[in-house]
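In: I would like to see how this sequence folds:
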Amino acid sequence: MGLAWLQRWTGLGWHSLLDAVFPPRCLVCESSLPAGLTTVALCSDCRDEVQAERQRPYCPTCANSVAPYELSGGRCRECREVSLRVGGIVRVAGYRGPLGELMRAYKYHGQEAPGLLLAQWLAAAVQAAPWSGWVEAVVPVPTHWRHRLRRPLHAAEELARHVARSAGLPLVPLLRRRRGGPHQVGLPSAQRQPNVRGAFALEPGVQLETARLLLIDDVRTTGSTLEECAKVLLRAGAAEVYAGVVLRAGSAEAGA
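Out: I've put the predicted structure just below:
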């Protein structure tokens, strides 16, 4: 009798006590959620807004938000006349609203729960890509060791690890960043490409031999970082390089 009471108390009463002391709240707006939740959650309003953003059409070449009629040959007006090394890209959404809040909480404040949601959504986007069956390995966009000292969480690496696990693919850190320089965040568009030119190199002893690779980064703005990484991989023998990002930032993304 005593054991059964203890099991009921620990299985139900304990959760009720936790909910009373630490009531579950939405990860974005912090509004109260129903008691007893055992998974990471959003309120209904934020969940609906996230779902709408995830369903917004975008260019499969540069991840820019578009209307369906703006695409021609798989490209939008922003990338139609540009030569790109990345053969295709997927994203979760544009950098705005609840998704932007989740990214900032994860990337700049190290909150794990938002990161888990973002990683799950990115993995789903990758698995839905028309080229997903061709990819042989997942490659995170690297950061410089000095940046790691200032910010231990490397979002691209953690996201890539989750994507690789979900897709059943190897995670291969083929690239290293050999030059620090300022972060891309905050730089004008014209300075972003020069800032990363020559910044990446292959790890010693890497031989790619026509591999098809998936680059993972947290945010794409001008695409300079992804393009520079793809250049290094293609010159080393990769046959194709694709990309997956959580958010697409830039002038075309309202609120970015």
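In: kindly export the lengthiest helix in the chain (C-alpha atoms) in PDB.
Out: Taking DSSP state H as the assignment, the helix of the chain that covers the most residues is helix 112-127. C-alpha atoms of helix 112-127 as PDB (Å, rounded to 0.1, in the frame of the first residue of the first chain):
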ATOM      1  CA  GLU A 112      19.300  24.100 -25.200                       C
ATOM      2  CA  ALA A 113      15.500  23.800 -25.600                       C
ATOM      3  CA  PRO A 114      15.200  26.200 -28.600                       C
ATOM      4  CA  GLY A 115      18.200  24.600 -30.200                       C
ATOM      5  CA  LEU A 116      16.500  21.200 -30.100                       C
ATOM      6  CA  LEU A 117      13.400  22.500 -31.800                       C
ATOM      7  CA  LEU A 118      15.500  24.300 -34.500                       C
ATOM      8  CA  ALA A 119      17.600  21.200 -35.100                       C
ATOM      9  CA  GLN A 120      14.500  19.000 -35.500                       C
ATOM     10  CA  TRP A 121      13.000  21.400 -38.000                       C
ATOM     11  CA  LEU A 122      16.200  21.600 -40.000                       C
ATOM     12  CA  ALA A 123      16.600  17.800 -40.100                       C
ATOM     13  CA  ALA A 124      13.000  17.600 -41.400                       C
ATOM     14  CA  ALA A 125      13.800  20.200 -44.100                       C
ATOM     15  CA  VAL A 126      16.900  18.300 -45.200                       C
ATOM     16  CA  GLN A 127      15.100  15.000 -45.400                       C
END
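In: near Pro114, how many other residues are there?
Out: Using other C-beta atoms under 10 Å, Pro114 has 23 neighbouring residues. For the C-beta atoms, the positions are set from N, CA and C on the backbone; glycine is no exception.
In: same deal with the one 5 residues further on?
Out: When neighbours are defined as other C-beta under 10 Å, Ala119 has 23 of them.
In: residues contacting it?
Out: Under the criterion of C-beta atoms under 8 Å, 6 or more residues apart in numbering, the neighbours of Ala119 are 158-159, 162-163.
In: one more time with 6 Å, if that's ok
Out: With contact taken as C-beta atoms under 6 Å, 6 or more residues apart in numbering, Ala119 is in contact with 159, 162.
In: now Arg176, what's its secondary structure?
Out: Assigned with DSSP: H, G, I helix; E, B strand; the rest coil, Arg176 falls in the strand class.
In: buried residues in stretch 80-92?
Out: 84-92 (16 or more other C-beta atoms under 10 Å).
In: got the CA positions of that stretch in PDB?
Out: Output of stretch 80-92 as PDB, limited to C-alpha atoms (Å, rounded to 0.1, in the frame of the first residue of the first chain):
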ATOM      1  CA  ARG A  80      19.200  34.300 -61.100                       C
ATOM      2  CA  GLU A  81      22.200  36.100 -62.500                       C
ATOM      3  CA  VAL A  82      24.700  34.900 -59.900                       C
ATOM      4  CA  SER A  83      27.000  31.900 -60.300                       C
ATOM      5  CA  LEU A  84      26.800  29.800 -57.100                       C
ATOM      6  CA  ARG A  85      28.800  26.800 -56.000                       C
ATOM      7  CA  VAL A  86      26.200  25.400 -53.600                       C
ATOM      8  CA  GLY A  87      24.000  23.200 -55.700                       C
ATOM      9  CA  GLY A  88      20.800  23.600 -53.600                       C
ATOM     10  CA  ILE A  89      19.700  24.700 -50.200                       C
ATOM     11  CA  VAL A  90      17.000  24.100 -47.600                       C
ATOM     12  CA  ARG A  91      16.000  26.300 -44.700                       C
ATOM     13  CA  VAL A  92      13.500  26.200 -41.900                       C
END
